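Engineer: show me how the following folds:
(4 chains)
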2 protein chains.
Amino acid sequence: MNQSVAPYHHGDLRNCAITAAAELIESIGSYDITIAQVAKRVGVSSPALYRHFKDKDALLTAVRELAHIGIMEYTTDAQDSVAPGTLAHIDALGSAYLRFAMDKKAFFGLMWENHGDAEERRAEARAKRTGFQVLHEAIELYLRKQRPESVETSLQTATLLWSAAHGIATLQHNRLLDTFDHDADAEAMLRTATRAILNVNV
Amino acid sequence: MNQSVAPYHHGDLRNCAITAAAELIESIGSYDITIAQVAKRVGVSSPALYRHFKDKDALLTAVRELAHIGIMEYTTDAQDSVAPGTLAHIDALGSAYLRFAMDKKAFFGLMWENHGDAEERRAEARAKRTGFQVLHEAIELYLRKQRPESVETSLQTATLLWSAAHGIATLQHNRLLDTFDHDADAEAMLRTATRAILNVNV
DNA sequence: CTTGCGATGTTATCACGATTAACATTCAAA
DNA sequence: TTTGAATGTTAATCGTGATAACATCGCAAG
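Structural biologist: Prediction:
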């Protein structure tokens, strides 16, 4: 039997719409999409989508979740060939973050957009926790080995490193990183920042 | 005589529109404004604005310039009571950046929006140069005194510090900074990052 | 001083995109 | 089978960016 039979009028429109929206965003390289475009891609009328999403923002929020999953994949893949708790491990995580920002520009931009209410933000943050947690654990492990006296500040260190990575990624994403330093290299910068931050008591 | 006489039909609609847009953005705390809203605020019809701006984005670009001026004011004020080339000087600049991001949320968000073409970006970058230049000079001066062997890397150091400040500011701006570290304090984080980065060879 | 053009404004009008309303179809349970 | 809930469709509303066509105002040339 065909596994993916359409159980209803369309099938699971909700999921198809999210996927279609994501594909659309990826293909045009911008999250400035239209309900009509998504509907057409799924082969359904625009209003049909409102049976599954309160409004356009709700659809985008769903796509954002996909983006979070995507960044987690990058993170997970990055850990494949590195020893846990090493500097290389932390570098790999940072590198994955930067790579995601550049590979999936539109998604990266979308996931930090400031729309929606605080509630949604919390929910998304919860989803993100996994990714941050990975970084936090890597740092904690590293500090335990290399700077045991700083282990207690691992959370602050992780937050600071995240901020640094986020700043570099954001500036590069907006093509501003090399505005002044023509040779600015995101990855190199993050490595430098990582080493600087790990060697300080937060 | 009344100083601010309207020399023409309206007066200088262009400038009034920019100001009105800025006020509007500030008052609603979002740069998601409407041509009609701006027009109404100035007491003019919507199409009139198109005599002075190619399109909505052109108006927002003009507002962005105001935002850059605003951040420069913060920067300048920050230097008032600090000795040039000291760590306190650099801290003050970073603090000003963070403060601007929080005080003028909408403007901060607007100025890093990824719209418009590359040309505009270049122009804006040029305007920004002043602000970055101040930071760069402060860092160069500091390094010359404290770590002369690292002076040659001052540009990279400044770029890295900017990135760190930008990351912290951006995350706080999106209310995400304290997602994991409940007690995260932007200013304290930046001070830590500053010290870490300044003590490393880039 | 008048005329006429260019700069500015105004009022229709469009086209589009987000929603909602009103109506139609299908699944599933009684 | 019948019927209501779920899910779709088409028609219609509204807000918004943008352009067209028409109206004014200020100034420079005669």
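Engineer: when you work out contacts or count neighbours from here on, use the C-alpha atoms and nothing else.
Structural biologist: Will do.
Engineer: quick one: the spatially closest residue to residue A:100 that is not a sequence neighbour from residue A:109, how far?
Structural biologist: Nearest residue to residue A:100, sequence neighbours excluded (CA to CA, 6 or more residues apart in numbering or on different chains): residue A:71, at 6.3 Å. Separation of residue A:71 from residue A:109 (CA to CA, to the nearest Å): 12 Å.
Engineer: circling back to that earlier point, can I assume the residue nearest to residue A:100 is in contact with residue A:98?
Structural biologist: No: checked against CA atoms under 8 Å, the pair residue A:71 and residue A:98 is beyond contact range at 10.0 Å.
Engineer: quick revisit: list the contacts of the residue nearest to residue A:100.
Structural biologist: By CA atoms under 8 Å, 6 or more residues apart in numbering or on different chains, the contact list for residue A:71 reads A:96, A:97, A:100, A:131.
Engineer: of all these, which two lie farthest apart?
Structural biologist: Using CA to CA, the two most remote members of the contacts of residue A:71 are A:100 and A:131, lying 12.7 Å apart.
Engineer: in contact with residue A:171, which residues are there?
Structural biologist: Taking CA under 8 Å, 6+ apart as the test, what residue A:171 contacts is A:177, B:163, B:166.
Engineer: about what we covered before: of the contacts of residue A:71, buried ones?
Structural biologist: Using 16 or more other CA atoms under 10 Å in any protein chain shown as the burial test, the contacts of residue A:71 include A:96, A:97, A:100, A:131 as buried.
Engineer: buried residues, whichever strand or helix holds the first one. List them.
Structural biologist: Of the helices and strands defined by DSSP states H and E, residue A:96 is found in helix A:87-103. Residues of helix A:87-103 classed as buried under the neighbour-count rule (16+ other CA under 10 Å) are A:87-102.
Engineer: could I get the full set of helices for chain A?
Structural biologist: A:13-28, A:35-42, A:46-49, A:56-79, A:87-103, A:105-111, A:118-146, A:154-173, A:186-198 (DSSP state H).
Engineer: domains in chain A, by residue range?
Structural biologist: A:7-53, A:55-198 (automatic domain parsing).
Engineer: relative to DNA strand D, which of the ones you listed is closest?
Structural biologist: Of all the domains of chain A, domain A:7-53 sits nearest to DNA strand D, with 3.5 Å by CA to the nearest atom of the strand.
Engineer: okay, now the unreliable bits of chain A?
Structural biologist: A:1-9, A:115-123, A:125-129, A:201-202 (pLDDT under 70).
Engineer: of all residues in it, which one is closest to chain B?
Structural biologist: Ranking the residues of chain A by distance to chain B (CA to the nearest CA) places residue A:167 first, at 3.3 Å.
Engineer: tell me, how many residues neighbour the nearest residue to that residue once chain neighbours are set aside?
Structural biologist: Closest residue in space to residue A:167, ignoring its immediate chain neighbours: residue B:167 at 3.3 Å, by CA to CA, 6+ apart. Using other CA atoms under 10 Å in any protein chain shown, residue B:167 has 26 neighbouring residues.
Engineer: quick one, what contacts residue B:167?
Structural biologist: By CA under 8 Å, 6+ apart, the contact set of residue B:167 is A:163, A:164, A:165, A:166, A:167, A:168, A:170.
Engineer: go through stretch A:56-72 and flag the buried ones.
Structural biologist: A:59-72.
Engineer: relative to residue A:187, how far out is the nearest residue to residue A:78 once chain neighbours are set aside?
Structural biologist: Residue nearest to residue A:78 in three dimensions, not counting chain neighbours: residue A:92, with 5.5 Å by CA to CA, 6+ apart. Taking CA to CA as the measure, residue A:92 falls 10 Å from residue A:187.
Engineer: same deal with residue A:131?
Structural biologist: With CA to CA as the criterion, residue A:131 and residue A:187 are 19 Å apart.
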